[in-house]
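Enquirer: model the structure of this input:
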Amino acid sequence: MNILACPICKGDLVLNIEKEDGNEVISGTLYCSVCNEYYPIEEGIPNMLPPDLRE
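Expert: Numbers count the residues shown, from 1 in each chain. The predicted structure follows:
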């Protein structure tokens, strides 16, 4: 978490865990309070693309 930053504003992210396996986060979100944006974590992989570039 120390190396991750919001791709838009470079602000700190807050981890919200929905499902984990040991020390690995399987699903959840990363939240930037500055931009008010959420970045999903699916199958252990965070999608750090800005919202307008996601599917």
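Enquirer: distance of residue 17 from residue 26?
Expert: Distance check for residue 17 against residue 26: by C-beta to C-beta, to the nearest Å, it reads 9 Å. C-betas here are computed from N, CA, C, even on glycine.
Enquirer: more crowded one of these two?
Expert: residue 26 (15 against 11; other C-beta atoms under 10 Å).
Enquirer: the helix or strand where that one lies - which strands sit beside it in the sheet, and in what orientation?
Expert: Using DSSP states H and E, residue 26 falls within strand 24-32. For strand 24-32, the paired strands and their directions (DSSP bridges) are strand 14-21 (antiparallel), strand 37-42 (antiparallel).
Enquirer: quick check: buried residues in it?
Expert: Within strand 24-32, the residues scored as buried using 16 or more other C-beta atoms under 10 Å are 25, 28, 29, 30, 31, 32.
Enquirer: what's near enough to touch the first one?
Expert: Under the criterion of C-beta atoms under 8 Å, 6 or more residues apart in numbering, the contact list for residue 25 reads 15, 17, 19, 41, 44.
Enquirer: any of those residues buried? List them.
Expert: Of the contacts of residue 25, these count as buried by 16+ other C-beta under 10 Å: residue 41.
Enquirer: what residue in this protein is the furthest from its centre?
Expert: residue 22 (18.4 Å; C-alpha atoms, centre = their mean).
Enquirer: now do the contacts for residue 54.
Expert: If you count contacts by C-beta under 8 Å, 6+ apart, then residue 54 has residue 47 around it.
Enquirer: please report the distance of it from residue 20.
Expert: Counting by C-beta to C-beta, the gap from residue 54 to residue 20 is 23 Å.
Enquirer: what's the answer for residue 38, then?
Expert: As for residue 38, its distance to residue 20 is 18 Å (criterion: C-beta to C-beta).
Enquirer: tell me which of the strands paired with strand 24-32 sits most buried.
Expert: Mean neighbour count (mean count of other C-beta atoms under 10 Å) peaks for strand 37-42 among these, with a mean of 18.
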